[in-house]
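J.: Provided below for reference: sequence and predicted model.
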Amino acid sequence: MSASKETSASKTGSSPSMTEPDLELNHTESGYLANDSVQNFSWHDLQVRVKDRATKAPLSILTEAAGLVKAGEMLAIMGPSGSGKTTLLNALAHRVAAAGATTTGDICANGQKLTLQLVRDLSGYVEQEDALIGSLTVRETMIFAARLALPSTVSKQEAFRRVDDLINSFGLGSQANTIVGTPIKKGLSGGQKKRLGVSSRLVTNPKILFLDEPTSGLDSALSLEVCSYIKSIGQRNNLVIIASIHQPSSTTFQQFDKLCLLSGGKTCYFGPVAEAAAYFGRIGYPIPAETNSAEFFLDLINTDLDKNGEIMQRTEHVCEMWNKSPERTHLHESIQKISEGSSKDLLHYKAQKPGVWTRPFVLLHRSWIKSYRDIMAYGIRFAMYFGLAVLMGTVFLRFNTEQQYIQPYINAIFFGSAFMSFMAVAYVPAFLEDLNTFKQERANGLVGPLSFMVSNFIIGLPFLFLITILFSVIEYWMSNFRPSGSGFFMWVAWLFLDLVAAESLVVLVSSTFNVFVVALAVTAFLNGLWMCVDGFLVPMNTLNVFWKYVFHYIDYQAYVFQGMMVNEFESRVYECVKVAGGAYQCNYPSTLNAVGQIRGADVLKVFSIETGLQGTWFGIMIGIIAGYRLLAYLVLVLRK
Ligand SMILES: Nc1ncnc2c1ncn2[C@@H]1O[C@H](COP(=O)(O)OP(=O)(O)OP(=O)(O)O)[C@@H](O)[C@H]1O
């Protein structure tokens, strides 16, 4: 279906049947997607237990679940809110089913028990909120997904062919060069984003596709459209498709082959959608004429709507009837038969993957495009640092070597470096967006923490260097810091290391606390702390021992402050004020006071800053940066 068709459907709110997508229009040669490995996917005795939040006692949130989906079939996991849909979907995909949950039971493909690695190799998982990168176009999103997943044996032409093929299959041909959309620049509609999310997983060639509420946030026409595309491609390629779904319209519901109906973690029905109405009629709950069957099933067991215990009783009855039903017995027999049969061996199945170096390069390329296109990543920071440079250059304007400028010079060094570090918080949202994409790609077995961390570090360097140059060219010369090439380049080096360290801190904090407001607050707090103990507000010889020995020596801002101070003061001489009688009034004690001057090196002594240690400080800065990055990497490794 074309974009215009989608838009008009959603605008007019026309009935789903009127907007039935004409999938034949999009028929493409996606033969490479064809699944001839997984013949069926089944599970039985599946239990998920948690520690009850309130009572701390063990609690089953999924009980004795069993199911069987054959290749080419599409299963809907349905149930009222809190019934365990996501728990079941996650358990089947070998993901953490719920916080702190223990999962037991067998999950098999072709009757063979699956390992985590096998599930990752065989399946793709489309999250409810797919982490698409807003500044990439549809085609770029697909190409990067393909490059992250396809082995080098697939030629570039073939990869592009597959990408274009899937774009067309999902009716996104006319949006191929449209960006996904950022908060500043609008791109795809909600339905198009969902379709892109699904097709970017399909390009990785999964045999089993899990979808968490693929229609959430869409109206009924768009929901039908998304499900129809998925069904069409699944049927054509013999894929196993399992989706959790919330209140589908009747036509969307009819797209599914099988239904798994849950309530309170218990199964109320598992079987063909086409036979569900007859089953419920048989156990005493016939569907009234002209009723949306999906809605009827949900209302039947929705204990949230219970006023007098009636629905609870009914739900218990439905579950009981299911447990006694011949359909359930038949399901268990079928699962048993498959495990005893001689299906295709999957134990030695291994997905072909790209070479070791391909993934970091692909990530680097993708981050590069994002960095220069996405104003949120670096654009806003460029503008902010430019503004700060002009502000500082005009406030700390044209200083000279008269002694009244010594303190303002020191203030400019402190404020410039500390404020620049502080403003690195502007990177938090862009990093969290990348982290979200990483988490989903990692869960799909596409990217590891090392590739992510290395590419993130490398891609930041040229932008941070440009920011440093932009700020320094304006501020250094307007304020009239030590006017020499070497002075300028040393300043640039310190500021660059300062920004790299500040950004590394953002990476560490945001990797640890994935919530925007928390990451922002913690980074701001830490930078405030580093400012307090860097040796400017309280000179090192005055700073109390706790702050000095616990924090000062690991404070990256302290080394930047000292490095810039030495750069400015070590070789400069300042003039005292001449007073009556030919004497001088000097603000800083110095061996040159007698001749009306102050040696810059003597100013450094007031702050207990030693000279000749710049090399060591450079080394420590690099160590701090490496430490932040290494810790961030470890956080990601531990957070499997
Ligand atoms: N530690 C816990 N203690 C008590 N209940 C828990 C705990 N962890 C999960 N649950 C419950 O397990 C149930 C299953 O949650 P799940 O997210 O799978 O439901 P869902 O059907 O996907 O809901 P929704 O449609 O609202 O997303 C919920 O009722 C949830 O409150």
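T.: Perfect, thanks for sending it.
J.: looking at the stretch 101-250 of the chain, which residue is nearest the ligand?
T.: The minimum distance from the stretch 101-250 of the chain to the ligand, using Cβ to the nearest ligand atom, falls at H246 (5.6 Å). For the C-beta atoms, the positions are set from N, CA and C on the backbone; glycine is no exception.
J.: give the contact list for the closest residue to that residue other than its chain neighbours.
T.: Counting by Cβ to Cβ, 6 or more residues apart in numbering, the nearest residue to H246 once its immediate chain neighbours are dropped is E213, at 5.8 Å. Counting by Cβ atoms under 8 Å, 6 or more residues apart in numbering, E213 touches 85, 128, 243-246.
J.: restricted to helices, list the residues you listed.
T.: Using DSSP state H, the subset of these located in helices is K85.
J.: where's the dip in pLDDT among the contacts of E213?
T.: In terms of pLDDT, Q128 ranks lowest among these, with 82.
J.: which ones are touching that residue?
T.: Q128 sits in contact with 212-214, 216, where contact means Cβ under 8 Å, 6+ apart.
J.: near the ligand, which residues of the chain are found?
T.: Counting by Cβ under 6 Å from any ligand atom, the chain comes close to the ligand at 50-53, 59, 61, 79, 81-87, 98, 246.
J.: now with 8 Å?
T.: Residues of the chain lying near the ligand by Cβ under 8 Å from any ligand atom: 50-54, 59, 61-62, 79-90, 97-101, 213, 244, 246, 262, 264-265.
J.: can you flag which of those belong to strands?
T.: Taking DSSP state E, the ones among the residues of the chain next to the ligand that sit in strands are 50-51, 59, 61-62, 244, 262.
J.: any idea which helix or strand in this structure has the lowest mean pLDDT?
T.: In the chain, no helix or strand scores lower on mean pLDDT, DSSP states H and E than helix 3-12, which sits at a mean of 37.
J.: the most centrally placed residue in the chain and A443: what is the separation?
T.: Closest residue to the average C-alpha location of the chain: N436 at 0.6 Å, with Cα atoms, centre = their mean. Distance, N436 to A443, by Cβ to Cβ, to the nearest Å: 11 Å.
J.: give me the contacts around the helix or strand containing V119.
T.: Counting by DSSP states H and E, the element that carries V119 is helix 116-122. Helix 116-122 is contacted from outside by 37-38, 93-94, 107, 109, 114, 206-208, 346-347, 349-351, 444-445, using Cβ under 8 Å, 6+ apart.
J.: try it again with 6 Å
T.: 94, 207-208, 351, 445 (Cβ atoms under 6 Å, 6 or more residues apart in numbering).
J.: pLDDT (mean, whole number) over the helix or strand just after that helix?
T.: Next along the chain after helix 116-122, taking DSSP H and E as the criterion, comes strand 123-126. Taken as a whole, strand 123-126 carries a mean pLDDT of 91.
J.: so which elements touch strand 123-126?
T.: If you count contacts as 3 or more Cβ pairs under 6 Å, 6 or more residues apart in numbering; DSSP states H and E, strand 123-126 packs onto helix 190-202, strand 208-212.
J.: does L62 touch G265 like I think?
T.: Yes. Using Cβ atoms under 6 Å, L62 makes contact with G265 at a distance of 4.5 Å.
J.: the more surrounded of those two?
T.: Between L62 and G265, counting by other Cβ atoms under 10 Å, L62 is the more crowded of the two (27 against 22).
J.: list the contacts for that one?
T.: L62 is in contact with 48, 84, 87-88, 265, counting by Cβ under 6 Å, 6+ apart.
J.: closest to the ligand out of these?
T.: T87 (3.4 Å).
J.: and G67, which of the three is it?
T.: Under DSSP: H, G, I helix; E, B strand; the rest coil, G67 falls in the strand class.
J.: give the contact list for it.
T.: Taking Cβ under 6 Å, 6+ apart, we find G67 in contact with 43, 260, 270.
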